[in-house]
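Novice: How does the following fold in three dimensions:
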Amino acid sequence: VALVSLEYDEMARFCSEKAQGVSSWHLQYGAPLSWLLATVLVRFADRFVDPALGFCAGYNFFALQAALVPFEVTAFNLVLQFWTDKIPLVAVIFFVLLCFAALNLFAVRWYGESEFWLAIGKVLLALCMMAFTLITMVGGNPLHDKYGFRNWDPSKVSGAPFAEYIKTGSLGRFLGFLACFIQASFTIAGPDYVAMAAGESEYPRRNMPTAFSSVFYRLTTFFVIGSLCIGIVVPYNDPDLLNALSNARPGAGSSPYVIAMEHLHIRVLPHIVNALILTAVFSAGNSYVYCASRTLLGLALEGKAPKFLTRCNSNGVPIYCVGVTLAISLLSFLQVSNNAAVVLQWFVNLVTASQLLNYAIISFTYLRFYKALKVQGISRDTLPFKSAWQPFFTMVWLAL
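Specialist: Next up is the predicted model:
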């Protein structure tokens, strides 16, 4: 994803330098500027490859965003059940969707403010879990157990640190890594979301390059170190962990961190973790409603979706696009008649496939951008930003 960020950054800065008249167009026609950036992936694919690929990229990205909304609603219900299962499932789903509708239709001016405070909860959760791992692994826990990297020791945990999957031996360990790699792609996102924020940001030509460049560091801090911490606090074959995942244990009870807290007899912290997870899930769902609706608006304005979807209210909110997104979110009611774990896995599979296809389109588009520069005789040294080791890194990523 860091590689894709660099590719995206190079194309975005080049096009930003060449773009003229965007602000005047926005002021003249009154359309929300965010649609230009919401469909930046589509516009790149249109320009550097073919309009057919742009059409495919646009609807793939919209499907990706829209499918994540019912996923987050399903997850919200699971997290809430950590405290109580007395609230009817239908009521929870209806309440969450109603909140999403209110924030995106009637209180959109508070969207940025609400996301700012909700995002603080995400950052606090990640930082607190890293601190929890560091403190407890050196003995700062009620049992005074200095477990360190015990869960990586093959003499204490069979198969650690690389567990076998399907096959045995080196092939089995590689397949295990590959399975985790594919599953992890569900949670990873970066340059596409940063580009969408450009339409709402102040001085995007100055600020967005820094945002693109920081994607690598944010991914390293929160995803890589976070994954490292999970592997430290609980072994991959822990019975409680396997049971929680297979039976869709409610709320934070399925979290490796909470399982580790229970093993270490820590009583209060799981409730704090669950509260932060709840805010993170709600914030993510709210963001996906916004992103999906703006993506659909961009497609409509470019003639790739029905024209009635371009209608906006006095606040610039694409009401019909938000309505379509929320209608798709009704898929979250699937959990009424199915196990929540099954429903979650359906959405995970759909989103993972769309996410990987999305990144493949970005990389292929970059290769055509690279070729276009070469054909036109434009040196990459003249670009505002030039990513390293291209186009070889992109070719390797596409091969993977």
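Novice: How about the contacts made by the closest residue in space to residue 360 that isn't next to it in sequence?
Specialist: Of all residues not flanking residue 360 in the chain, residue 398 sits nearest, at 6.3 Å (CB to CB, 6 or more residues apart in numbering). All C-beta spots, glycine's among them, are computed from the backbone N, C-alpha and C. Contacts for residue 398 were tallied using CB atoms under 8 Å, 6 or more residues apart in numbering; they are 360, 363-364, 367.
Novice: Can you lay out the residues you listed as a markdown table showing secondary structure and distance to residue 63?
Specialist: Shown next, in a markdown table, are those (DSSP: H, G, I helix; E, B strand; the rest coil; distance: CB to CB, whole Å):
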| residue | secondary structure | distance to residue 63 |
| --- | --- | --- |
| 360 | helix | 15 |
| 363 | helix | 19 |
| 364 | helix | 19 |
| 367 | helix | 24 |
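Novice: Dump those to TSV, plus distance to residue 70, neighbour count and pLDDT.
Specialist: Formatted as TSV, the contacts of residue 398 follow (distance: CB to CB, whole Å; neighbours: other CB atoms under 10 Å; pLDDT from 0 to 100):
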residue	distance to residue 70	neighbour count	pLDDT
360	24	16	85
363	28	20	85
364	29	17	88
367	34	17	88
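Novice: Work out for me the element the residue nearest to residue 360 sits within.
Specialist: Assigned by DSSP states H and E, residue 398 belongs to helix 392-399.
Novice: CA atoms of that helix as PDB?
Specialist: This file holds the C-alpha atoms of helix 392-399, laid out as PDB (Å, rounded to 0.1, in the frame of the first residue of the first chain):
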ATOM      1  CA  PHE A 392      10.000  -2.200 -11.400                       C
ATOM      2  CA  PHE A 393       8.300  -2.000  -8.000                       C
ATOM      3  CA  THR A 394       4.900  -1.600  -9.700                       C
ATOM      4  CA  MET A 395       5.600  -4.600 -12.000                       C
ATOM      5  CA  VAL A 396       6.500  -6.700  -8.900                       C
ATOM      6  CA  TRP A 397       3.300  -5.600  -7.100                       C
ATOM      7  CA  LEU A 398       1.100  -6.500 -10.100                       C
ATOM      8  CA  ALA A 399       2.800  -9.900 -10.300                       C
END
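Novice: what mean pLDDT does that helix have?
Specialist: The predicted model gives helix 392-399 an average pLDDT of 80.
Novice: For it, buried residues please.
Specialist: By neighbour count on 16 or more other CB atoms under 10 Å, the buried set for helix 392-399 is 393-394, 397.
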